[in-house]
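**Student:** All I have is the shape, not the residue letters:
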């Protein structure tokens, strides 16, 4: 197949391009970042630097393709999302233009990468047990997503649904829940919690400053999906005939304090914790309910957090060790 990966220079996009090339597909890899800044680069792909917020760029990206994966958007960790509402919303242009390109250039298949941030904030205001905290796909409506980023993702889900229905192309929509792993952002403000905690613990270990700053009280809960499960899940979803939005995330829920515990154990260190209550914290509790994906695919993400964090920690350590 000829496949376009939008957002190929990002964390998930790099792994996806690698996997598709290994399967023997022809890949057009596109990102707005300069090529030397892509997290993973593959000379065997057709690598294009372009701003996919522009209609002409999307039409050029889609030309001659059998399938599009749209992972392109402005996003990052909670600090970025809560301070860049308009910038996040601007990404609606990308998927809007991509589905128009599918319509006008007869691209038969498109996958849109959505997010757990589309779920209503009011059902995530309290900390509960892992089962009660699980977000079901049906919980999305009545809509009240998280900040601009959540609204952008939900709007893009909706426009994808109607274009696919009215113009007869196939769609897949994955609601990602906190994807992490090596070869991703671990500093600079766009990193997510697993990478940020690994970086902070590594800094404490290498610098001898045995303290760690934690945003919030550390009791807020999340689930984190290792990158290998993310790539496998998208592949399995295409092998099925299911075309409604679906959770793609781990249901192994932990608090941020527990996340720090695990990384401290990997580093063999114990740190004094400085809770920063004035920092962005997001919702109080979130987990992925995987009932539907197990029913539809007979599969769910399975890499345990301990295993994934060990690999992530080791990679970030290698990036940081020569700074000290």
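**Tutor:** Everything's here; your move. What you see is a predicted model; the values in this text were computed from it and never measured.
**Student:** ok, then the element right after the lowest-mean-pLDDT helix or strand in the chain?
**Tutor:** Ranked by mean pLDDT, DSSP states H and E, the weakest helix or strand in the chain is helix 78-83, scoring a mean of 68. Counting by DSSP states H and E, the next helix or strand C-terminal to helix 78-83 is helix 85-89.
**Student:** What pLDDT does the model give the closest residue to residue 49 other than its chain neighbours?
**Tutor:** Closest residue to residue 49 apart from its sequence neighbours, by CB to CB, 6 or more residues apart in numbering: residue 35 at 5.8 Å. Yep, even glycine has a C-beta here, placed from its N, CA and C like the rest. With respect to pLDDT, residue 35 scores 96.
**Student:** Which elements pack onto the longest helix seen in the chain?
**Tutor:** In the chain, assigned by DSSP state H, the helix with the most residues is helix 147-167. Here helix 147-167 touches helix 78-83, helix 85-89, helix 92-105, strand 109-115, strand 170-176, going by 3 or more CB pairs under 8 Å, 6 or more residues apart in numbering; DSSP states H and E.
**Student:** can you redo those as CSV with mean neighbour count and distance to residue 131?
**Tutor:** Shown next, in CSV, are those (neighbours: other CB atoms under 10 Å; distance: least, CB to CB, whole Å):
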stretch, mean neighbour count, distance to residue 131
helix 78-83, 19, 24
helix 85-89, 16, 30
helix 92-105, 21, 32
strand 109-115, 24, 22
strand 170-176, 21, 18
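**Student:** wait, which of those is closest to residue 210?
**Tutor:** helix 78-83 (23.7 Å; CB to CB).
**Student:** So the protein: which segments form each domain?
**Tutor:** As given by automatic domain parsing, the domain ranges for the chain are 2-180+225-248, 193-222+253-288+304-323.
**Student:** what pairs with residue 288 across the strands?
**Tutor:** residue 135 (DSSP bridges).
**Student:** isn't it right next to residue 247, touching?
**Tutor:** Yes: Residue 288 lies in contact with residue 247 (CB atoms under 8 Å); the separation is 4.8 Å.
**Student:** between the two, what contacts are shared?
**Tutor:** Taking CB atoms under 8 Å, 6 or more residues apart in numbering as the contact rule, residue 288 and residue 247 both touch 116, 135, 177.
**Student:** gap between the residue most central in space within the chain and residue 108?
**Tutor:** Closest residue to the average C-alpha location of the chain: residue 179 at 4.8 Å, with CA atoms, centre = their mean. Separation of residue 179 from residue 108 (CB to CB, to the nearest Å): 26 Å.
**Student:** Distance check, the residue nearest to the centre of the chain against residue 277.
**Tutor:** Distance from residue 179 to residue 277, by CB to CB: 27 Å.
**Student:** Ok, residue 33 next?
**Tutor:** In this view, residue 33 and residue 277 are 34 Å apart by CB to CB.
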